[in-house]
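>>> return a 3D structure for these sequence lines:
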Amino acid sequence: MAEAFGVGAGIASVLGLTIQIAQVVTQFGLDWKAAPTEVKGFMNELQNLKTVLSETEANFLHDPNFKEAFQGRPSILLSELGPNAPSATETKLSIASCKEELKRVRDGLNKRDKGSRMGWERFKGPFLAKSTRDSVDKLRNCCQRFNNMVSMDALTLGVKTHKEMIEAIREQQQWHNDKQNQEILTWISNLSFDEKQTDILSKRHPGTGQWLLNQERFQIWRNGVRDEPSLLWCPGMPGAGKSVMTAIVIDHLQQFFAQENVSISYIYCDHKDRKTQTTVNLISSLVKQVILQQRDMPREVIDLYARCKNGQSSLSLEDHSQLLSSFSNHFRRSFILVDALDEHLISDDEDNAMQLTLLDTFLNLQHHGSSSGCYTLFFTSRIQSLIESHLAGFIRLDIRATDSDIESYLRSRIYDPTKFTFAQKVQDDANLGNEIVRRLVQKAQGMFLLPYLHLNRLGCQTSVRNLREELKTLPTKLNKTYEDAMARIQGQVQEHSSLALSALSWISTALRPLRTDELQHALAVRLGDQSLDEDGLVDEALIISVSAGMITLDAQSRTFRLVHFTVEEFFKGTHLKWFPDADRQIAEACLTYLSFDIFESGPCPPRDLKARLQENNFLDYAARNWGYHISRAKEHTIEDLTLDFLGNDRKVSCSSQVMLQSRYWLDSPSQVSGAHLAVHFGSTSIMTKILELGIVADSEDSNGHTPLSYAVAEGHETIVKLLVDRDDVAADSKDHIRRTPLSRAAARGYEKIVKLFVDRDDVVADSRDRFGRTPLSYAAAYGYEAVVKLLVDRDDVVADSRDKFGQTPLSYAAENGYKTVVKFFVDRNDVTADSRDRDGRTPLSLAVGGARFGVANEKVVEFLMNQDDVVADSRDNNGRTPLSFAAEAGHETVVKLLMSRDDVAVDSEDNSGNTPLSYATRYRHKTGRGKTVVKLLEEGLQNKEVE
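Predicted structure coming up:
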């Protein structure tokens, strides 16, 4: 029996015996259904034992994750069967005893296969013996023993894990509440989808959507099966319930991976909110979500914040993408879920045009992810051929509202008096309820949206007779349903009809979703008002009730929305029919509101701004958007109202304080004129009018920015030309940090505007600001190669100029990872490739430790290392080498590149006695990358000792 005490061999042999016993019987073609009760009982217990042993061996004893989970924790299973368990534990003896009993049964069956009796008469003897009945008890006890051990281990692990989770949450809360960390998080992103997730999930009817979670392909995607795609695309027709399904999947993943080191971040795309939901803003929201799921603020984020002058400058899309890419190494798995991808991709510039930047960004995250740190992606969208072509080869599961889910949803509503007018009638007449459900399911066309709208329509009927008649005529197309809804709205009393049309006009035309209080204030404004008449405020419930189901209220965010994206599309195609003057009316309301007497006091102290916005609910929307609505309005009947407002400096300053309030400003600039506002909104016609009225064209705000500077920053080329051609405008004006409009244009890559300036005699092409930086320095720092070449080609521009920090255009380009710009400078004879800044750092050193470090910087490092005039092991003023910075940051690829060179010292010490290994050791607790770097350096030191 020595064999039994080897756990693997013992379990394997028992499993083998269970198979042999079954085979002895099945090889004679016997029907198990006809087997005697005793045989069935024995075989059931045998099958249970086989299942328990197989799972124990595969999922526990042979799974390194199980052993790792109990590292430093007690485990009954491992103490009985683990590699360090005693040679003769009670469980091992039990396995050996089972093995002997099974051998006896097997041998007894083998003797019977040569008998003359037929069927089960030949084999039932061994199963009927008393010893066999004892074996059944032993098998049952053995199974129970294993189950008990696993249960106790699970309980122990659960308690320990729960305690660790509480501690982790407490640690997270502590660093979340740190003042500087809060500032960093706000700087990263202000866009959150938590309320959206909560609101959508609250609309889910219990049990619906389970069909997707049960799909094998979904589980393959969720579990991360090797060699299977890590992207799941779930397309579906409009109204099929894609957003609710996304919320269900998010909730499922959060529960499924609750006790694991897994990040789950998500976004809900909303075509209505496209001004806020830019690609950069959406990616930055994901960055913030992943940061919040870590035990501490990531070091690379702190460094990046510091290098961006404590958040005074913003991050690019590339910056955020590189952060996301690096974060994937901080977790065992990382999920990103995107709902309604198509709503972001649709462009307003051209019909059916698609903006693929967001999709490409996600796909690049997969391509650049390491084997241990790749994002698992989930997308929903309508079926679009362009999206389909980009996602070919990935897992696809089409979303369609199932009949059972629709029926479940309908029954939850028709019996509820708060949701359906005829609920009591349905409760009294089961046939009526069944008829409603049957008809609506038939007309659903795989959508939740149609039954929702149809039920609203049925609820408007005045009798059961009318309801039954209406059931027979319900449309099966969305647009026809919307046309019918608009007809019902127009059929109401005039006051209710006007309110519904006004609300729909505002909600469908506004440039972002409106909160309830914002829409209430907006609807209360009348042309000529000097203040808000609170008697004009409309109850939110009335707005909903008169809208024929076309308007919904998000409970969490308290915003009014059209019931579905397809309603917005319906109005987009019929806008002139329903709301021909919407933009003009909205612009009038905005300007009237901004001209209220209460704002005659001008801007308020920054600390009071929040209170002002809370007291004047519509102020934020009006200040930020009035100009855009004027630009979209086809009639110019509000010109007088516009000019009166822009001519009032106090009210303009009040509006601009709100409009320019941003996380990128330490304080909103004051002394903003009407000309500044006209430029901000890009309105050439308004700008021309106010200049004709004598408004100062070259006024400065409190930061020294002129209207020309605003026009440059916004990229309004036409207005730039209009202003620079005027005699009363200084084309080369300097702001509070002595930066010129040319520098601002170069920093934003506006090539045509840059050319317009440098071609003028009154503009200094190589001017320096307070920090000694030139337009070329800014263009190089942000990687605008065309602008760099345009400037360098001039004789009056120094290609290798140094600012007050000793940095050159080349060093900025290297630090930020722009290889083509770096190569352009290195190839020039008038640029020093290994120049040193005031800290003694070279372009190579800055590229290695760049704040925006990513794949791009690795290419820059490799390129600079291969230059003959670049010292790969140069020391800065603190004695630190490029390898030292790479080791500290955990940049595995760069460490390998540097260590591959004979002229790089692995054991170099800086002025404080620190080596690359010591820096890497400090960092390794942050990420898996840091641990890999430590290993590389240790191996490098060992190899050096051997040599």
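>>> quickly find the element holding the residue nearest to residue 687 when sequence neighbours are not counted.
In this structure, residue 687 finds its nearest non-sequential neighbour in residue 678, 4.4 Å apart by CB to CB, 6 or more residues apart in numbering. In this view, the C-beta of every residue, glycine as well, is placed from N, C-alpha and C. Taking DSSP states H and E as the definition, residue 678 sits inside helix 674-680.
>>> could you do residue 907 as well?
Residue 907 belongs to no helix or strand, assigned by DSSP H and E.
>>> wouldn't it be in contact with residue 918 here?
No. With contact defined as CB atoms under 8 Å, residue 907 does not reach residue 918; the gap is 10.3 Å.
>>> neighbour count winner among these two?
Each of residue 907 and residue 918 has its neighbours counted (other CB atoms under 10 Å); residue 918 has more, 17 against 12.
>>> export the strand or helix carrying residue 410 to CSV, keeping only CA atoms.
Assigned by DSSP H and E, residue 410 belongs to helix 403-414. C-alpha atoms of helix 403-414 as CSV (Å, rounded to 0.1, in the frame of the first residue of the first chain):
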residue,chain,number,x,y,z
ASP,A,403,-39.2,36.8,-26.0
SER,A,404,-39.0,35.5,-22.4
ASP,A,405,-37.1,38.6,-21.2
ILE,A,406,-39.6,40.9,-22.9
GLU,A,407,-42.6,39.0,-21.4
SER,A,408,-41.0,39.2,-18.0
TYR,A,409,-40.5,42.9,-18.4
LEU,A,410,-44.1,43.5,-19.6
ARG,A,411,-45.6,41.5,-16.8
SER,A,412,-43.6,43.5,-14.2
ARG,A,413,-45.3,46.7,-15.6
ILE,A,414,-48.9,45.8,-16.5
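>>> coming back round to it: just the pLDDT for the residue nearest to residue 687.
As predicted, residue 678 sits at a pLDDT of 89.
>>> do I have it right that it meets residue 693?
No. If you go by CB under 8 Å, residue 678 and residue 693 don't touch, sitting 11.2 Å apart.
>>> okay, the two: which has more neighbours?
A direct count of neighbours by other CB under 10 Å for residue 678 and residue 693 places residue 678 higher, at 29 against 10.
>>> make sure residue 498 is indeed in a helix.
Yes. Counting by DSSP: H, G, I helix; E, B strand; the rest coil, residue 498 falls inside a helix.
>>> and it, how many neighbours?
Residues lying near residue 498 (other CB under 10 Å) number 14.
>>> any idea how far it is from residue 536?
13 Å (CB to CB, to the nearest Å).
>>> by contact count, what packs against the helix holding residue 678?
helix 619-632, helix 639-646, helix 649-659, helix 684-692, helix 707-714 (3 or more CB pairs under 8 Å, 6 or more residues apart in numbering; DSSP states H and E).
>>> do you know which of the ones you listed lies nearest residue 183?
Residue 183 lies closest, by CB to CB, to one member of these: helix 649-659, at 20.9 Å.
>>> check the offset of that closest one from the chain's centre.
34 Å (CA atoms, centre = their mean, to the nearest Å).
>>> could you do stretch 804-812 as well?
Per CA atoms, centre = their mean, the centroid offset for stretch 804-812 relative to its chain is 35 Å.
>>> wait, residue 456 touches residue 548, no?
Yes. Using CB under 8 Å, residue 456 is in contact with residue 548, at 6.7 Å.
>>> where does the prediction get shaky in the stretch 501-650 of the chain?
The stretch 501-650 of the chain contains residues with pLDDT under 70 at 634-637.
>>> show me where it has its helices.
For the stretch 501-650 of the chain, the helices defined by DSSP state H, counting those that start in this stretch cover 516-524, 540-545, 565-578, 582-594, 609-615, 619-632, 639-646, 649-659.
>>> now the last one: buried residues?
Just to be clear, that refers to helix 649-659. For helix 649-659, a neighbour-count test (16 or more other CB atoms under 10 Å) marks 651, 652, 653, 654, 655, 656, 657, 658, 659 as buried.
>>> of all those residues, which comes closest to residue 509?
residue 659 (19.4 Å).
>>> how close does that closest one get to residue 104?
Residue 659 is 89 Å from residue 104, by CB to CB.
>>> please apply the same query to residue 483.
80 Å.
>>> before we move on, what about residue 833?
Taken as CB to CB, the span from residue 833 to residue 104 is 83 Å.
>>> who's more crowded, these two?
residue 833 (21 against 15).
>>> in this structure the more buried one contacts residue 865, no?
No. Here residue 833 does not reach residue 865: they are 11.0 Å apart, not a contact under CB under 8 Å.
>>> distance of residue 869 from residue 844?
11 Å.
>>> residues touching residue 886, list them.
Listed by CB atoms under 8 Å, 6 or more residues apart in numbering, the contact set of residue 886 reads 848, 849, 894, 895, 898, 916, 933.
>>> quick one, strands of the chain?
Under the criterion DSSP state E, strands of the chain are mapped to 231-235, 262-268, 333-339, 375-381, 395-396, 514-515, 551-554, 559-562.
>>> re earlier: if I look at the residue nearest to residue 687, how far off is residue 622?
Where residue 622 is concerned, residue 678 sits at a distance of 16 Å (CB to CB).
>>> could you give the number of residues near residue 752?
Residue 752 is flanked by 11 other residues according to other CB under 10 Å.
>>> got the contact list for it?
Here residue 752 is in contact with residue 717 (CB under 8 Å, 6+ apart).
>>> likewise residue 205?
Here residue 205 is in contact with 405, 408, 409, 412 (criterion: CB under 8 Å, 6+ apart).
>>> give me that answer again for 10 Å
244, 405, 406, 408, 409, 410, 411, 412, 413, 448 (CB atoms under 10 Å, 6 or more residues apart in numbering).
>>> can you flag the buried ones in the residues you listed?
Listed as buried from the contacts of residue 205 are 244, 405, 406, 409, 410, 411, 413, 448; burial here means 16+ other CB under 10 Å.
>>> just the residues you listed now: which is nearest residue 344?
residue 244 (18.7 Å).
>>> against residue 409, how distant is that closest one?
Counting by CB to CB - residue 244 and residue 409 are separated by 10 Å.
>>> then residue 375?
33 Å.
>>> just to revisit the earlier point, now for the buried ones among the contacts of residue 205, which pair is the farthest apart?
Top of the distance list for these (CB to CB): 244 and 411, 17.1 Å.
>>> follow-up on the earlier one: show me whatever sits in contact with both of residue 244 and residue 409.
Counting by CB under 10 Å, 6+ apart, the common neighbours of residue 244 and residue 409 are 203, 204, 205, 208, 401, 448.
>>> could you dump the residues you listed to CSV with pLDDT and distance to residue 478?
Shown next, in CSV, are the shared contacts of residue 244 and residue 409 (pLDDT from 0 to 100; distance: CB to CB, whole Å):
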residue, pLDDT, distance to residue 478
203, 80, 19
204, 83, 22
205, 80, 21
208, 84, 21
401, 85, 14
448, 84, 12
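>>> now those in JSON lines, with distance to residue 283?
Shown next, in JSON lines, are these (distance: CB to CB, whole Å):
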{"residue": "203", "distance to residue 283": "27"}
{"residue": "204", "distance to residue 283": "27"}
{"residue": "205", "distance to residue 283": "33"}
{"residue": "208", "distance to residue 283": "31"}
{"residue": "401", "distance to residue 283": "31"}
{"residue": "448", "distance to residue 283": "30"}
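>>> pretty sure residue 398 contacts residue 240?
Yes. Counting by CB atoms under 10 Å, residue 240 is a contact partner of residue 398 at 8.6 Å.
>>> list residues touching both of these two?
234, 446.
>>> counting neighbours, go ahead and name the busier of those two.
Comparing residue 398 with residue 240 by other CB under 10 Å, the one with more neighbours is residue 240, at 23 against 12.
>>> dump the residue contacts of the more buried one.
The contact partners of residue 240, taken as CB under 10 Å, 6+ apart, are 234, 380, 382, 398-401, 444-449.
>>> are any of these buried, and which?
Of the contacts of residue 240, these count as buried by 16+ other CB under 10 Å: 234, 380, 382, 399, 400, 401, 444, 445, 446, 447, 448, 449.
>>> what is the nearest of the residues you listed to residue 339?
residue 380 (5.1 Å).
>>> please work out how many residues are found near the residue lying closest to that closest one once chain neighbours are set aside.
Computed as CB to CB, 6+ apart, the closest residue to residue 380 that is not its neighbour in sequence is residue 242, at 4.1 Å. Residues lying near residue 242 (other CB under 10 Å) number 26.
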